[in-house]
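Q: The following block contains a protein sequence and its predicted model.
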Amino acid sequence: PFLLFHRWAQFFIHPLMIRDAIDREVEAVDSEYQLARPSDANRKEMLFGSLARPGHPMKKFFWGNADTLKHEPKKNNIDTYTRLRDFWQRHYSAHYMTLVVQSKETLDTLEKWVTEIFSEIPNNGLPKPSFGHLTQPFDTPEFHKLYRVVPIRKVHSLSITWALPPQEEYYRFWALALYGGNGETGFEQNSTYSIFSISVTLTDEGYKHFYEVAHVVFQIWEEIQKIEANEFHYQEQTDPVDYVESLCENMQLFPKEDFLTGDQLLFEYKPEIIADALNQLSPQRANLVLLSAANEGQCHLKERWFGTQYSVEDIDKYWSDLWASDFELNQDLHLPEENKYIATDFALKVADCPETEYPVKALSTQQGCLWYRKDDKFKIPKGYIRFHLISPLIQRSAENIVLFDTFVNILSHNLGEPAYEADVAQLEYKLVAGEHGLIIRVKGFNHKLPLIIDYLTDFSFTPAVFEMITEQLKKTYFNILIKPETLAKDVRLLILEHSRWSMIDKYQTLMKGLSIEALSSFVKAFKSQLFVEGLVQGNFTSREAKDFLNYVVQKLQFAPLAHPCPVQFRVVDLPNTHLLCKVKTLNKGDANSEVTVYYQSGARSLREYTLMELLVMHMEEPCFDFLRTKQTLGYHVYPTCRNTSGILGFSVTVATQATKYNSELVDKKIEEFLSCFEEKIKHLTEEAFSTQVTALIKLKECEDSHLGEEVDRNWNEVVTQQYLFDRLAREIEALKSVTKSDLVSWFHAHRSSKKKVLSVHVVGFGKHEGDAEVTAVSEAQNSSSGEIPHLNFLPPSTLMADVTSIKDIKAYTSTLNVLPYHKILK
């Protein structure tokens, strides 16, 4: 650790700041900006900042791009390099900095290291820059208005926002900021002001009545104090990286005695501070932002940096007059009754069976099985319950998948109100529509599994709810399709996994329309035959754990499955060649492209899996250095170890922009990198090899920081029906016998004439892809014609003329062999 600290500290002591490295970094910043452009959250934030008064820092463009950091400075004879050095000297001074170190070393050792290493950080002797005098950035006529915005994604939403004076000094009684919706990013909370924002996602009907929605919001106040205290007292340790980061920020904000608790607890109840903040949260002082595709055509203004289309108008007179009056409160809106879910019993339960290191099968019947392990390490009065309700019906057709998604979303909606109190009391639950079954996750001081199972048993819905949820699902599917990275994953898996249904299939099925009868009969069939697997860990006895499975079986009254249902897909055996599947992005005008080159290994052993992990670990730094730092192809550049339904492989991915590079050129650069890497790995020293092996072993030996980590790992074994709970220990054993020549031959085998390679390109819009100059457009323009998107397959250019091009996925993959089911167990 000492050497690591020493190396890391040099960044603050003597940063290199090489001129050409800074030029390349500008390209990375520009790529980051291009990736951020299609995000509605970023667009909204940028638009919001533009409402600040002239000259205030909140009005600045804080992303940076090639124009602001390269082209404009050049035009105006500004040397970016000199500016950056000046900025570093002014702002990176020791006396402005806070440092947090967490380690198993003693405090004395850590103190010695820190003093020795970090005392070399320069101190410029200047007072810390302060912005406290620049208050009330939004005290302008532009602020208290209605802004209509055209989003990129399919969404209707209303945000009601107030700009308050800075609230940092009131952290000891921050009841409002903690719960109502004050994020703690520098944009929402700083020394010049504080944002309080309430966002509501609207249905199609809600969009038409957004003023009524705002009126209801203005009638609501909440209480949370008791809950925050319980949650802090029995807080689980977080990941050390996140913990030291959050503490370091706290040290900038709070006095010494509150470093650990300042952002967690409400210390004092000060009604006058709360009253003062509430007085400022009056309807007349609010700013309204309404996002919807339906705003298309009436938004003639354009935000400078992200090109967001918007319009501004005064709040409707009827509503502004009503809100200025002493309006009547709706009787249905009142503070909740005392919350019956807030835990009071924090006793640790006495074990009723022998302790085990890994989960054991506590109960097994034809209808299901249950894995159980009593927590003996973290000793926190919380429990985790996970269930997987498996059904072969789900994957039978695209329609069934869509009906299943609809069913799970309606079930979550039905639980919204009854489970809200439990949610507020930190009893978390989540329902997930898995690929082969319904996944139920519950955690907290108490549990509420019966509540969920009861609602599942008596599942019902109204036509209005059906309509609302299917409309919402259309938006969800669409929003997945317009992102290059999620579309690329969908295309890759559609080629590799036999009989998988694509997101396009699901979206087209939903757009054609589902009937209420189809949903009712699907749910009835789903509930009639199941296999249920559960995992219970934490503060439960073995008896209680078995009772959970028994409750599910007795309540749902289902028959066992006639045949076991595999919870994985079969994977196609790629031919010994290079395949290319190239599709145009579905987000018209978006410059972002995604290039993934995937190498298939096949059905492999646990030892070969660890070899692949080791290979990818060796690849990470040179991959970043070659493709991002030197070639500046994109901001996101990474190799990945791939386990696709038990079939091993690896891939290299680059997110780039069509305004800068052609996707095939990027593919060729990935090939160039892999050739260089092959040479590099051959000349690897034994010492460098064993350092990496040790690092990977240490990573696998790393203790869990909280029970949730252990549960997630065990649940993955259950949900994939592999049950290899000691997988990490076995992988560590395998790594101990791996040699450098094993690694070299393993990589060489993937690069030989027998290589199985699949390139997937999602191609953005831009001059390097032969598109005329285009600007990003909104989702309304993406779908205003009413046509349902379909994949537009592109032919390869002369650059990749030697590869086999896939133009019809189903037709092509139907000619390939399908590998048997495989799990990496031995």
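A: The structure has been received and is ready for your questions. Numbers count the residues shown, from 1 in each chain.

Q: what residue ranges in the stretch 651-800 of the chain score low on pLDDT?
A: Where the stretch 651-800 of the chain drops to pLDDT under 70, the residues are 773-787.

Q: residue ranges for the strands of it, please.
A: Remark: strands assigned in the stretch 651-800 of the chain by DSSP state E, counting those that start in this stretch are 757-763.

Q: Over to V200. Which of the three states is it?
A: strand (DSSP: H, G, I helix; E, B strand; the rest coil).

Q: Pretty sure it sits against H156.
A: No - between V200 and H156 there is no contact under CB atoms under 8 Å: 9.4 Å. (Each C-beta comes from the backbone N, C-alpha and C, glycine too.)

Q: For the stretch 1-150 of the chain, give me the ranges with low pLDDT.
A: Residue ranges of the stretch 1-150 of the chain with pLDDT under 70: none are present.

Q: which residue ranges form the helices in it?
A: 2-13, 19-36, 40-49, 66, 72-75, 80-91, 107-118 (DSSP state H, counting those that start in this stretch).

Q: Can you check which of those helices gets nearest to L494?
A: Closest approach to L494 among those is made by helix 19-36 (24.0 Å; CB to CB).

Q: what about the stretch 351-500 of the chain, any weak spots by pLDDT?
A: 422-426, 446-448.

Q: all strands of it, in order?
A: For the stretch 351-500 of the chain, the strands defined by DSSP E, counting those that start in this stretch cover 360-365, 368-374, 383-390, 428-433, 437-444.

Q: same for the third one, what does it pack against?
A: Helices and strands touching strand 383-390, as assessed by 3 or more CB pairs under 8 Å, 6 or more residues apart in numbering; DSSP states H and E, comprise strand 437-444, strand 531-538, helix 542-556, helix 707-719.

Q: among these, which is nearest A9?
A: helix 707-719 (29.2 Å).

Q: how's the protein carved up into domains?
A: 1-119, 146-324, 360-560, 571-698+738-819 (the TED database).

Q: Save those as TSV, and put in distance to S130 and mean neighbour count too.
A: Formatted as TSV, these follow (distance: least, CB to CB, whole Å; neighbours: other CB atoms under 10 Å):
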stretch	distance to S130	mean neighbour count
domain 1-119	11	15
domain 146-324	7	16
domain 360-560	37	18
domain 571-698+738-819	33	18
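
Q: got a markdown table for those domains, with distance to A351 too?
A: Listed next are the domains of the chain as a markdown table, based on distance: least, CB to CB, whole Å:
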| stretch | distance to A351 |
| --- | --- |
| domain 1-119 | 28 |
| domain 146-324 | 20 |
| domain 360-560 | 5 |
| domain 571-698+738-819 | 32 |
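
Q: Which one, of those, ends up nearest to D712?
A: That would be domain 360-560 among the domains of the chain, by CB to CB, at 9.2 Å.

Q: which residues does the nearest residue to L549 once chain neighbours are set aside contact?
A: Closest residue to L549 apart from its sequence neighbours, by CB to CB, 6 or more residues apart in numbering: L370 at 4.3 Å. Counting by CB atoms under 8 Å, 6 or more residues apart in numbering, L370 touches K361, A362, L363, S364, E533, G534, L535, V536, A545, K546, F548, L549.

Q: Look up the residues forming beta bridges with the fifth one.
A: When you say that, I think you mean E533. Beta-bridge partners for E533, by DSSP bridges, are C369, H388.

Q: isn't there a helix covering H215?
A: Yes - H215: assigned to a helix according to three-state DSSP.
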